[in-house]
Structures are given as structure tokens and as C-alpha cells.
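Participant: okay, here's the prediction I keep looking at, along with the sequence it came from:
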Amino acid sequence: MSKPIRSHMFRFKRWKIIFEPRIHDHGATDYPDKKEKEIRLKNSKNVSEFDQFETIIHEGLHACFWDIREDPIEQSAHDITRLLWRLGYRKVE
């Protein structure tokens with residue numbers, strides 16, 4: 001069994017990865033100039049595996065391309081998630 005991910009590098013900057021049940025949206029990403037940056041992801045049984053997968057990609061895109069508007073990030077995350085899902089990628093417990 002692999003260790004849980006605690007952080008990840010995006011474009012040479014490290015974000016702490018936090019799964020929490022009480023976040024308002026499915027996810028949120030801090031700006032890259034914040035000292036201790038976080039990507040917060042909803043950890044809830046009410047979120048489908050597909051939606052959580054899409055949220056992780058969405059927030060990762062925000063970390064990579066923080067200066068791009070929300071609409072292109074949202075559409076790109078959805079398109080990438082659909083492709084990977086069709087190819088059979090799923091979370092391994």
C-alpha cells in the first residue's frame with residue numbers, strides 16, 4: 001500500500017495537499033505566492049469518484065496556470081478527466 005500524498009510540486013512550487021470533509025466547494029487552490037500553499041479537496045462519501053478525479057485535475061491546473069480564467073480551467077479539467085476515465089484510470093485503494 002502506498003503512503004498518502006501530503007504535498008506535490010507544480011511548476012517548481014510545492015503545495016500541501018489536504019483532504020477535508022467540510023470544504024464548501026469540491027476543492028480550492030491557494031495562489032502560488034502564498035508562503036504555505038495548500039490545495040484543499042473535499043473528502044466526502046457524497047462526492048463521486050469521477051467528480052473527485054475531475055476536482056483533483058482542476059485544482060492541479062489552477063496550481064500550474066494560476067493566471068488563467070476559470071472557464072478554460074474548468075473545461076480543460078473536464079476534458080482531461082473524461083479522456084483518462086475512458087482509458088480506464090481509477091483510484092487504487
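Facilitator: That came in fine, so what should we check first? Numbering: from 1, shown residues only.

Participant: name every strand pairing with the longest strand seen in the chain and say which way it goes.
Facilitator: The longest strand of the chain (DSSP state E) is strand 13-20. Paired neighbours of strand 13-20 in the sheet (DSSP bridges): strand 7-10 (antiparallel), strand 38-42 (parallel).

Participant: most neighbours per residue, which of these?
Facilitator: Comparing the strands paired with strand 13-20 by mean neighbour count (mean count of other CB atoms under 10 Å), strand 38-42 ranks first with a mean of 20. All C-beta atoms are positioned from the backbone trio N, CA, C, and that covers glycine.

Participant: extract the CA atoms of that one and return them as PDB.
Facilitator: Extracted in PDB, the C-alpha atoms of strand 38-42 (Å, rounded to 0.1, in the frame of the first residue of the first chain):
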ATOM      1  CA  GLU A  38      -2.500  24.400   0.000                       C
ATOM      2  CA  ILE A  39      -4.700  22.500  -2.300                       C
ATOM      3  CA  ARG A  40      -7.800  21.500  -0.400                       C
ATOM      4  CA  LEU A  41     -10.000  18.700  -1.700                       C
ATOM      5  CA  LYS A  42     -13.400  17.600  -0.400                       C
END
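
Participant: how close does the nearest residue to residue 50 once chain neighbours are set aside get to residue 67?
Facilitator: Nearest non-adjacent residue to residue 50, counting by CB to CB, 6 or more residues apart in numbering: residue 85, 6.2 Å away. Look at residue 85 and residue 67: by CB to CB, to the nearest Å, they are 28 Å apart.

Participant: so the host helix or strand of residue 62 versus strand 13-20, what angle?
Facilitator: According to DSSP states H and E, residue 62 maps onto helix 49-64. If you take axes from the mean of the first three to the mean of the last three CA atoms, to 10 degrees, helix 49-64 sits at 150 degrees to strand 13-20.

Participant: so for helix 49-64, what gets flagged as buried?
Facilitator: For helix 49-64, a neighbour-count test (16 or more other CB atoms under 10 Å) marks 51-63 as buried.

Participant: when residue 85 and residue 67 are compared, which one has more neighbours?
Facilitator: residue 85 (14 against 7; other CB atoms under 10 Å).
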